[in-house]
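[1] structure for the following, please:
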Amino acid sequence: MRNIGISAHIDSGKTTLTERILFYTGKILEMHEVKGKDGVGATMDSMELEREKGITIQSAATYATWQDYQLNIIDTPGHVDFTIEVERALRVLDGAILVICGVAGVQSQTFTVDRQMRRYNVPRLIFINKLDRVGAEPWRVIENLKKKLNISIAALQVPIGLEHVLQGVVDIVTKKAYYFDGEKGSNVTIGEIPESLIDLVNQKREELISQIIDIDDQLAEIVFINERQPTPEELKAAIRRSTLALKFSPVLMGSAYKNKGVQPLLDAVIDYLPNPNEKDNYAIDLENKDSKIKLECNNSKPFVGLAFKLEEGRFGQLTYIRVYQGILSKGSIIQNVTNGRKIKVPRLCRMHANNMEDIELIGAGEICAVFGVDCHSGTTFTDGQIKCSMLSMHVPEPVISLAITTDSKKQNMNFIKALQRFQKEDPTFKVFLDPESSETIISGMGELHLEIYAERMRREYGIPVTTGKPQVAYRETITSKGSFSYQHKKQSGGAGQFAKMCGYLEIVDQEKIDAENEFSNEIVGSAIPAEFIPACQKGFFESLVKGPLIGAPVVGVRMILNDGSSHSVDSSDLAFRICANSAFREGFFASRPSLLEPVMSLEITVPTEYQGTIMTGVNKRKGSIVGTESLGELTIISAQAPLNNMFGYSTELRSLTEGKGEFSMEFSHYAFVSKDQQEQVIDEFKRKKAEEKK
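    This next block holds a predicted model:
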């Protein structure tokens with residue numbers, strides 16, 4: 001068995017590759033294209049919105065068989081706005097295929113996917129796709145990968161021809177040529193290496209062996225001590241050991257769209273990626289939280305599973321579960337580790353995009369879906385015999401917000417139900433009610449992310465919704481040290497309130513301006529009794545939720561408490577919490593406060609003739625050009641720009657390039673806003689507050 005994910009930058013050909021894999025494994029009888037050009041659309045893009053826009057929005061699971069091995073496959077989105085789908089897929093998978101465009105090479109989302117694969121220790125194959133396109137240069141892409149991602153890689157194949165004359169690939173390990181004949185590339189013909197490629201194949205084989213020798217001692221012994229060339233089987237075994245040890249990533253080549261190179265890629269999945277027994281998985285022991293339990297991929301062990309994805313299906317909530325240990329069967333009782341509730345599994349199935357096959361049980365290492373299990377994404381389930389919780393998944397913070405309202409009061413309940421459902425499905429989608437404006441605010445990873453959810457509400461729930469202008473997720477911080485000495489005193493008959501706090505605020509980290517906030521008690525003696533210190537700390541952290549400037553979260557601030565006083569009767573936890581709030585405000589305004597705004601990394605791909613116009617446009621939006629790279633007739637412009645200045649950029653780019661340009665954008669870091677902009681944002685905030693009071 002192999003559990004694999006297919007990940008890449010947007011428009012690298014992931015879904016097209018998955019469609020070919022399903023066809024060649026016999027899972028589907030006909031191949032269809034992304035965007036539904038033939039009126040059908042790719043199998044894994046089952047959502048209507050995905051077929052309309054030609055992008056993957058949700059990860060989709062399927063299964064197939066190749067060489068008597070079961071493949072559980074998850075096709076993930078490439079757009080940065082849906083990065084949580086990649087995150088949770090890689091969290092539960094044992095291996096992955098990183099798809100790279102043979103023309104564009106390493107792109108912005110490639111870096112994000114690379115970080116995610118490293119975070120969860122996922123061994124990978126790299127598939128250089130689209131070698132049929134004009135400007136395809138696989139050897140340049142390999143050098144790019146080495147340089148930009150700093151990973152140890154080498155080619156296992158050499159393409160036979162490029163661009164419109166791409167015919168097949170040569171396997172460097174076995175020294176055989178593979179041709180893909182027939183209308184759909186189903187007829188794989190194995191032959192001898194073309195004479196024109198023999199020298200290049202020998203050169204690339206030497207490069208491969210020399211790279212593996214530095215990693216694998218067994219291969220080094222064969223070459224240096226036994227003084228002979230490794231056999232194909234010995235070389236394959238060395239590549240597998242190096243890949244599973246996360247020290248090497250094999251590179252394969254082809255064109256999914258032209259049906260070239262997919263079958264050898266499937267062979268490589270079997271040869272080089274791990275089965276569930278070969279991947280170490282750990283859980284936290286809830287009875288001893290400092291220790292980890294190594295889970296065994298064994299059907300006889302107590303059941304442990306992780307709910308990694310939720311969907312609203314035709315029959316209620318559909319929960320995707322990866323079984324790490326034990327077995328899960330229909331009708332069995334499982335326990336939600338988070339709340340202790342026991343649940344009977346009413347229905348168990350395998351997923352194939354949006355179709356399902358009912359099954360009676362599923363074993364360790366497999367992926368399935370269950371109905372009737374109410375939980376949140378990331379919930380651990382056990383059979384009650386073991387008390388453990390799977391390690392948590394990384395969830396990025398939202399970078400953009402906007403107000404959303406429904407025009408129909410009759411649909412208000414459905415409106416609330418839809419928002420609750422989307423929050424359970426997607427941890428990066430946040431909803432809150434602004435208590436002052438009474439507006440419902442939704443937050444997410446980008447304009448497209450929120451636009452998709454608004455459209456889904458219209459289509460899936462029939463709710464007419466209106467969205468406001470996007471709001472940037474500003475942060476507030478300080479730029480210098482500032483002292484405070486605040487006394488809270490309130491007397492209204494009987495016991496009053498008294499608390500006094502002295503100290504200062506300082507920057508947590510000069511290098512990381514959005515660092516986590518800290519509280520430090522440096523009082524010597526008992527100026528403030530020890531039992532009130534937690535209240536001081538609590539009051540400080542409560543003050544950080546909404547900053548004094550525009551009500552944005554405060555970051556990068558450390559409160560140092562070094563003096564104060566209390567009253568034997570009037571002092572209380574409440575008094576010190578209130579005092580801490582006011583003391584923070586006093587110190588905050590004494591510390592030259594400033595706003596921070598999210599800065600985005602941009603990657604813009606345009607025909608070279610538009611390069612100057614586009615760079616000028618980026619500069620007008622207060623962006624800075626990081627670098628440019630020429631790819632034949634195209635130019636890739638790398639830049640950074642404030643998110644606040646990037647709204648509506650996709651429309652501008654299409655207009656300036658006659659629809660030929662494309663761009664991707666992802667969060668990079670927080671930066672200080674200019675003084676003029678800060679005044680404008682604060683004035684706008686005050687104006688809105690004044691209007692709300694009228």
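[2] buried ones in stretch 451-461?
    Buried residues in stretch 451-461, counted by 16 or more other CB atoms under 10 Å: 451-453, 456-457, 460. All C-beta spots, glycine's among them, are computed from the backbone N, C-alpha and C.
[3] actually stretch 276-283, not the one I typed
    When neighbours are counted by 16+ other CB under 10 Å, the buried residues of stretch 276-283 are found to be 276, 279, 281, 283.
[4] tell me how far the second one lies from Gln325.
    Separation of Lys279 from Gln325 (CB to CB, to the nearest Å) stands at 13 Å.
[5] again with the third one
    As for Asn281, its distance to Gln325 is 8 Å (criterion: CB to CB).
[6] which neighbours do those two share?
    Residues touching both Asn281 and Gln325 (CB atoms under 8 Å, 6 or more residues apart in numbering): 295, 297.
[7] in space, not sequence, find me the middle residue of this protein.
    The residue at the geometric middle of the chain, judged as the C-alpha nearest the mean C-alpha position with CA atoms, centre = their mean, is Thr83 (3.3 Å).
[8] now the helix or strand that one falls within: mean pLDDT?
    Using DSSP states H and E, the element containing Thr83 is helix 83-92. Rounded to a whole number, the mean pLDDT of helix 83-92 is 84.
[9] and if you look at stretch 683-694?
    81.
[10] how about the strand ranked longest in the chain: buried residues?
    In the chain, taking DSSP state E as the definition, the longest strand is strand 593-607. Neighbour-count burial for strand 593-607 flags 593-606 (criterion: 16+ other CB under 10 Å).
[11] tell me how far the residue nearest to Tyr120 when sequence neighbours are not counted lies from Asp216.
    The spatially closest residue to Tyr120, leaving aside those adjacent along the chain, is Leu90, at 5.0 Å (CB to CB, 6 or more residues apart in numbering). The gap separating Leu90 from Asp216 is 25 Å, by CB to CB.
[12] so for the two, which sits in the more crowded spot?
    Leu90 (27 against 21; other CB atoms under 10 Å).
[13] surely that one and Arg115 touch.
    No - between Leu90 and Arg115 there is no contact, the gap being 10.2 Å when judged by CB atoms under 8 Å.
[14] re earlier: against which helices or strands is the helix holding Thr83 packed?
    strand 2-8, helix 108-119, strand 304-313 (3 or more CB pairs under 8 Å, 6 or more residues apart in numbering; DSSP states H and E).
[15] please save the CA atoms from that helix in CSV.
    Taking only C-alpha atoms (Å, rounded to 0.1, in the frame of the first residue of the first chain), the coordinates of helix 83-92 have been written out as CSV:
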residue,chain,number,x,y,z
THR,A,83,-3.0,26.0,1.5
ILE,A,84,-4.7,24.4,4.5
GLU,A,85,-6.0,21.6,2.1
VAL,A,86,-2.3,20.8,1.3
GLU,A,87,-1.4,21.1,5.0
ARG,A,88,-3.9,18.5,6.3
ALA,A,89,-3.3,16.1,3.4
LEU,A,90,0.4,16.0,4.0
ARG,A,91,-0.2,15.6,7.7
VAL,A,92,-1.7,12.2,7.1
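[16] quick one: it to chain centroid distance?
    Relative to its chain's centre, helix 83-92 lies at 6 Å (CA atoms, centre = their mean, to the nearest Å).
[17] that older thread, so which of the buried residues of stretch 276-283 are in strands?
    Where the buried residues of stretch 276-283 overlap with strands, as defined by DSSP E, the overlap consists of 281, 283.
[18] may I ask which two of the buried residues of stretch 276-283 are separated the most?
    Checked with CB to CB, those reach their widest spread between Pro276 and Ala283, with 15.0 Å between them.
[19] quick one: low-confidence parts of the stretch 351-500 of the chain?
    435-437, 492-494 (pLDDT under 70).
[20] quick one, strands of it?
    Under the criterion DSSP state E, counting those that start in this stretch, the stretch 351-500 of the chain contains strands at 355-358, 361-362, 367-371, 379-382, 388-390, 400-406, 430-433, 440-444, 465-467, 471-472, 475-478, 482-490, 497-507.
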